[in-house]
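Enquirer: Sharing a model that was predicted from the sequence below.
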Amino acid sequence: MKRERWNERYITDAATWPDEPCPVVVDTATSLSAGVAPEESRRPRRALDLACGTGRNARYLAHHGWIVTAVDYAQEGITYGRGVAEDASLTIDWRVADLVTWQPEQEQYDLVLICYLHLPWSEMETVIQSAWSAVASGGRLVVVGHDRTNLEHGTGGPQHPEVLYVPHQVTTLLRTVFGDSVAVIREEQSRYEVDHGEAAGTGAEQIDCVVVAGRPQ
């Protein structure tokens, strides 16, 4: 039923959703590109966008020369994103899959994204671990979502605490399971002015959980 609801939302609302990429994704992708050694500068960078929705982050990365795989379990989100990408002459590998069971290629991506995926923590743990396994040497994992404190002190987002999380939860999971292979680069609760929906332009803010972790060379 949840998949059906998301498909319905994409059919009716996709065109009104934000088209700009997540700022954390932009910052991380820019940092990775700036840090490429001269001998590696010609190698195409690979990105994996998990829970891609309509593909705003995937399109941004593809526009900047990344080879992108974008995955979501809602077919209508993928269909919408593919259409927008084709209109912009962007090539993206779109896939429909349930992230709780789908397994990516191991250690093959320079950048792996999980942006605004909200599941019960037991399922979220599975997705985060799977995402980390896909990060290549020298690569980054980005996890961004509505923070649990957003319920009382922010605006919008899921209203069920069981699908919300905080930065320490994510980094503790990564360090516990993967140990020294995880270098935490960002671990913070960030405030952003809401730029879409009824709250846009009102000054309302949302509080996000932001984690960026890197796999050392």
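Expert: Structure's in. What do you need?

Enquirer: as a whole number, average confidence for the helix or strand hosting Glu187?
Expert: In the assignment (DSSP states H and E), Glu187 maps to strand 183-193. Mean per-residue pLDDT for strand 183-193: 92.

Enquirer: Show me what that strand is packed against.
Expert: On a contact count with 3 or more CB pairs under 8 Å, 6 or more residues apart in numbering; DSSP states H and E, strand 183-193 meets helix 23-34, helix 167-178, strand 205-214. All C-beta atoms are positioned from the backbone trio N, CA, C, and that covers glycine.

Enquirer: Partner strands of the last one and their direction?
Expert: Which is strand 205-214. Here strand 205-214 is paired, per DSSP bridges, with strand 135-146 (antiparallel), strand 183-193 (antiparallel).

Enquirer: mind saving the C-alpha coords of the helix or strand bottoming out on mean pLDDT in the chain as PDB?
Expert: Ranking every helix and strand in the chain by mean pLDDT, DSSP states H and E puts helix 2-13 at the bottom, with a mean of 84. Extracted C-alpha coordinates of helix 2-13, given in PDB (Å, rounded to 0.1, in the frame of the first residue of the first chain):
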ATOM      1  CA  LYS A   2       2.800   2.400   0.800                       C
ATOM      2  CA  ARG A   3       4.300   1.900  -2.700                       C
ATOM      3  CA  GLU A   4       0.800   2.700  -4.200                       C
ATOM      4  CA  ARG A   5       0.500   5.900  -2.200                       C
ATOM      5  CA  TRP A   6       3.900   7.100  -3.400                       C
ATOM      6  CA  ASN A   7       3.000   6.300  -7.000                       C
ATOM      7  CA  GLU A   8      -0.200   8.300  -6.600                       C
ATOM      8  CA  ARG A   9       1.800  11.200  -5.100                       C
ATOM      9  CA  TYR A  10       4.200  11.200  -8.100                       C
ATOM     10  CA  ILE A  11       1.300  11.100 -10.600                       C
ATOM     11  CA  THR A  12      -0.400  14.100  -9.000                       C
ATOM     12  CA  ASP A  13       2.400  16.200  -7.400                       C
END
